[in-house]
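Novice: can't give you the sequence, but here's the structure:
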């Protein structure tokens, strides 16, 4: 079977799908990824070697700017309506013809699309094949999914297509993090999330700290936000964590491919208790951590909880406030709204075993969820 994954060209949208891709490859299926050509070089090294890249569409800066031009809104602080226009409108308009052409030529049999991706479902409708929605974390609020669907519906009509409901929703989110008011619109298949790990581990020389008894805190601000203000916030977060007397491993995102932070942030340098590392798959960094400080991306939250690690979260934008709020509600994390608040939060989480105990309970639940290989078998053999 030819299984086509369709995703927004961004690490946070594609990396959570990698375990499913690997499972499909291992099961003998032909696997493809439909996304922007501009992201091909960046993502290829993160994918299983046998995944074919079907390039179509433009990068987020292009379709986000298009949405901004159409709405006159600030796409960095979008309303649900603007989110709908970004993902269900502008991105589709700038990619749909090319996406359908690629998928038709590739002869896809099944589509798996992440929640922000409106192209995969359109491709499935055009090809007359089934599709599944693969969640990334807590389910998106209905007010957001409805706006994406509303914008996409206009494009279905233009293409003389009828929207087709997903055959199932692949849910990586343990119930402790899911919104209790969520009402799924289709059958739900639980799936076990895991921190991203490349097919081969990155060679990472990270010297041991000088005191084994000190906790080690991983500071990661994810893969998407790399503008100067957010990088400055990340550097401030590292300083706040270091002030508590712990050892710190810090990574400032995929834009940094060198072990030190950008030159404009002179405070971002290694010290006796702080080690900066380049963009490395999260699984390798979690091996060394007792606590995670981050912005609240779903990959970070689910990866940390799969290891039973508590968190301190400082959301910066996008869906991070939603994810961070759900983590806090589960009792596995504290949320803060400024760098100065991080020190006290780190101390509180490290000193209060309830956060770690709760994180380990969630890890136990995650371990019981079906593996990606099981889910692939189920959806390819209906």
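Specialist: Looks like it came in fine. Note that the structure is a prediction, hence the values are computed from the model and not measured.
Novice: can you map out the strands along the stretch 151-300 of the chain?
Specialist: Listed in chain order, the strands of the stretch 151-300 of the chain (DSSP state E, counting those that start in this stretch) span 169-171, 188-190, 216-220, 247-251, 274-276, 291-294.
Novice: centre of the chain to the helix or strand of the chain with the lowest mean pLDDT, how far?
Specialist: Within the chain, judged by mean pLDDT, DSSP states H and E, the helix or strand with the poorest mean is helix 228-242; its value is a mean of 75. Helix 228-242 sits 21 Å away from the centroid of its parent chain (C-alpha atoms, centre = their mean, to the nearest Å).
Novice: and the angle for that helix with strand 216-220?
Specialist: With axes from the mean of the first three to the mean of the last three C-alpha atoms, to 10 degrees as the basis, helix 228-242 and strand 216-220 are set at 170 degrees to each other.
Novice: list the buried residues of helix 228-242.
Specialist: 230-242 (16 or more other C-beta atoms under 10 Å). Just so you know, the C-beta spots here come from the backbone N, C-alpha and C atoms, and that holds for glycine as well.
Novice: now do stretch 320-332
Specialist: Residues of stretch 320-332 classed as buried: 320, 321, 322, 323, 324, 325, 326, 327, 328, 330, 331, 332 (neighbour count, 16+ other C-beta under 10 Å).
Novice: now, which of those sits nearest residue 156?
Specialist: Checking the buried residues of stretch 320-332 against residue 156 by C-beta to C-beta gives residue 322 as the nearest, at 27.0 Å.
Novice: if we can go back for a sec, show me what the least confident helix or strand of the chain is packed against.
Specialist: Judged by 3 or more C-beta pairs under 8 Å, 6 or more residues apart in numbering; DSSP states H and E, the packing partners of helix 228-242 are strand 216-220, strand 247-251, helix 340-351.
Novice: at 10 Å what do you get?
Specialist: Counting contacts by 3 or more C-beta pairs under 10 Å, 6 or more residues apart in numbering; DSSP states H and E, helix 228-242 packs against strand 216-220, strand 247-251, strand 274-276, strand 291-294, strand 311-313, helix 340-351.
Novice: give me the helices and strands touching the third one, please.
Specialist: Contact partners of strand 274-276 among helices and strands, from 3+ C-beta pairs under 10 Å, 6+ apart: strand 216-220, helix 228-242, strand 247-251.
Novice: any regions of the stretch 101-250 of the chain where pLDDT drops low?
Specialist: Scanning the stretch 101-250 of the chain for pLDDT under 70 picks out 199-212, 222-231.
Novice: apply 80 and report the result again.
Specialist: Low-confidence segments of the stretch 101-250 of the chain, defined by pLDDT under 80: 199-213, 221-235.
Novice: can you pull out the helices in it?
Specialist: For the stretch 101-250 of the chain, the helices defined by DSSP state H, counting those that start in this stretch occupy 119-127, 142-158, 228-242.
Novice: okay, those in a markdown table with distance to residue 343 next?
Specialist: Listed next are the helices of the stretch 101-250 of the chain as a markdown table, based on distance: least, C-beta to C-beta, whole Å:
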| stretch | distance to residue 343 |
| --- | --- |
| helix 119-127 | 43 |
| helix 142-158 | 33 |
| helix 228-242 | 5 |
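Novice: can you list the domains in this protein?
Specialist: Following automatic domain parsing, the chain resolves into domains at 2-167, 216-367.
Novice: I'd guessed residue 8 sits against residue 117; true?
Specialist: Yes - between residue 8 and residue 117 there is a contact at 5.6 Å, judged by C-beta atoms under 10 Å.
Novice: looking at those two, which one has more neighbours?
Specialist: More neighbours surround residue 117 than the other of residue 8 and residue 117, with 29 against 25 (other C-beta atoms under 10 Å).
Novice: so what's the more buried one up against?
Specialist: By C-beta atoms under 10 Å, 6 or more residues apart in numbering, the contact list for residue 117 reads 5-9, 13-14, 17, 34-35, 87-88, 91-92, 111, 123, 133-134, 148.
Novice: wait, residue 301 touches residue 173, no?
Specialist: Yes - under the criterion of C-beta under 10 Å, residue 301 makes contact with residue 173 at 9.4 Å.
Novice: next, show the common contact partners of these two.
Specialist: Common neighbours of residue 301 and residue 173 (C-beta under 10 Å, 6+ apart) are 137, 138, 193, 323, 326.
Novice: can you say which two of these are spatially most distant?
Specialist: It's 193 and 326 that sit farthest apart of those, by C-beta to C-beta, at 13.6 Å.
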